[in-house]
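**Q** Everything below, folded, please.
(one chain, ligands or ions: 1)
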Amino acid sequence: MAHHNLDNIDTSEYPHINRGLDGIVAFSTTKSSIDGQKGELIYSGYNIDVLAEKATFEEVCFLLWNDRLPNKSELDELKNELISQRNLPKPVLEYIKTTNKNAEPMAVLRTAVSMLSDFETENSGDKAKDSRKHAIAMTAQIPAIIAAFDRSRKGKKIVSPLKEGSTAYNFLYMLNGEKPGDAAEKTMDLCLILHAEHGMNASTFTARTICATESDMFSAVTGAIGALKGPLHGGANTAVMNTLLELEKEGDSADAVAFTKKKLENKEKIMGFGHRVYKTFDPRAFHLRKMSKKLSEETGHEKLYEWSEDMMKTMKDEKDIDPNVDFFSATVYYSIGIQPDLFTCIFTMSRVSGWSAHYIEQSENNRLVRPRALYIGEKNLEWTPVEKR
Ligand code: CMC
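**A** Numbering: from 1, shown residues only. Below is the predicted model of the structure:
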């Protein structure tokens, strides 16, 4: 019999028992800093508000991988390298075309990213150099995987990547088959910046743990995608949109306040709210909320935004819980025409930069990650032969 309540168990041998590793520091990093009380997020020295206003996603990638901003020629070089890596290996495209059209996009993305490693066999043996090459390859190819699967499952022709343009621009082009306007590109780019890096969240911890066994970056990112997919982590953005669409089905009688209260009464979690570290408004949600308002108005989805605001106020009044990054990103993606089950893939497209930055950092100063578990089962049981059980 397992006793999941630890009250009657001698825990003296384990002074650091901590469910969910809440507040535990397992690594040091120069990649990001989160102040959960102030609602402050910094990527390698730069406040997220400054990056949201001034940076491009490619600059953020360089920043996370090198801990400094690129000069003009370094940025051009990185952009060119990303462009040169956009084409998917044929067997990966074949897999995307032939897999189950009803598969979850995140599952397809996880498998395809894992496959990419089969085509990255020419390594130099210099770990830092190879890591950089793999980070660029995955950052360039993940958008192509997402767009190819979405088109293929809809019976549309897969669009080859462009030999120009930003990651955001090229992704929207490959997804929709037409070149995006400035506003759509800027929105997409800002979303990529805001999702790039976020401390020791579950997927980054997974990536670092895999790296710490001296496994390769493709394995680390594949594992991280698996962790991000869950609804308590990146999967929350799809769940948020499904909640809003549930409200939409109710038509004129939809009441987001009553809806939220009822869910809380039933002890259900409201997706897109709450955070292990932030005890105030997530600074990323601040930018996404502004974007959501603007885009919802422009695209005739005002109701979705109004319901989001109603849910936000209700959560604050009832539980004193604020929205996280996933809450307003849902309506932003929806307003630019991205289908809800792709939302977590878009998160991945950005977060691969943070995961690979942590991989590089962990490789430079590695120690195996190996915590303990408290055994709460029985011991020294008598063996019963199989026919007597
Ligand atoms: N809806 C309702 N109640 C909530 C919520 C929520 N979204 N989040 C936290 N609570 C309550 C929870 O029920 C608990 O109440 P009580 O003390 O009365 O039992 C209290 O707040 C503490 O919650 P917790 O689950 O112990 O907190 P945690 O730090 O273990 O979990 C979380 C953090 C993000 C998993 C959780 O807030 C949650 O499940 N949120 C919904 C899913 C979500 O939006 N995830 C995205 C996270 S941020 C971005 C990302 O990673 O993608």
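**Q** Ramachandran coordinates for residue 41?
**A** Dihedral angles phi and psi of residue 41 (degrees, to the nearest 10) take the values phi -130, psi 130.
**Q** my guess is it meets residue 286, correct?
**A** No. Taking contacts as C-beta atoms under 8 Å, residue 41 lies outside contact range of residue 286: 10.2 Å. Just so you know, the C-beta spots here come from the backbone N, C-alpha and C atoms, and that holds for glycine as well.
**Q** neighbour-wise, which of those two wins?
**A** Set residue 41 next to residue 286 and count neighbours by other C-beta atoms under 10 Å: residue 41 wins out with 26 against 16.
**Q** for that one, what are its contacts?
**A** Applying C-beta atoms under 8 Å, 6 or more residues apart in numbering to residue 41 gives the contacts 32, 33, 34, 35, 47, 48, 198, 283, 284.
**Q** I'd assumed residue 249 was in contact with residue 303.
**A** No. Counting by C-beta under 8 Å, residue 303 stays clear of residue 249, with 11.8 Å between them.
**Q** And those two? Which one has more around it.
**A** residue 303 (16 against 7).
**Q** Quick check: chain neighbours aside, which residue is closest to that one?
**A** The shortest distance from residue 303 to any non-neighbouring residue, by C-beta to C-beta, 6 or more residues apart in numbering, is to residue 248 (7.0 Å).
**Q** avg pLDDT for stretch 339-352?
**A** Average pLDDT, stretch 339-352: 97.
**Q** Buried residues, it. List them.
**A** For stretch 339-352, burial by neighbour count (16 or more other C-beta atoms under 10 Å) applies to 340, 342, 343, 344, 345, 346, 347, 348, 349, 350, 351, 352.
**Q** ok, now stretch 116-129?
**A** Here stretch 116-129 shows 116, 117, 120 as buried, counting by 16+ other C-beta under 10 Å.
**Q** in stretch 221-240, what's buried?
**A** Buried positions in stretch 221-240, judged by neighbour count with 16+ other C-beta under 10 Å: 221-229, 233-240.
**Q** need the residues of the stretch 1-150 of the chain near the ligand, please.
**A** Within the stretch 1-150 of the chain, the residues that sit near the ligand (C-beta under 6 Å from any ligand atom) are residue 20.
**Q** who touches the nearest residue to residue 236 once chain neighbours are set aside in this structure?
**A** Among residues not flanking residue 236 along the chain, residue 326 sits closest, at 3.9 Å (C-beta to C-beta, 6+ apart). Contact partners of residue 326, counting by C-beta under 8 Å, 6+ apart, are 234, 236, 237, 239, 240, 271, 272.
**Q** where are the low-confidence patches of this protein?
**A** The model of the chain has pLDDT under 70 over residues 1-8, 15.
**Q** quick one on the thing from earlier: export the buried residues of stretch 339-352 to a markdown table and tack on distance to residue 312 and secondary structure?
**A** Shown next, in a markdown table, are these (distance: C-beta to C-beta, whole Å; DSSP: H, G, I helix; E, B strand; the rest coil):
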| residue | distance to residue 312 | secondary structure |
| --- | --- | --- |
| 340 | 19 | helix |
| 342 | 24 | helix |
| 343 | 18 | helix |
| 344 | 21 | helix |
| 345 | 25 | helix |
| 346 | 22 | helix |
| 347 | 20 | helix |
| 348 | 26 | helix |
| 349 | 26 | helix |
| 350 | 23 | helix |
| 351 | 24 | helix |
| 352 | 29 | helix |
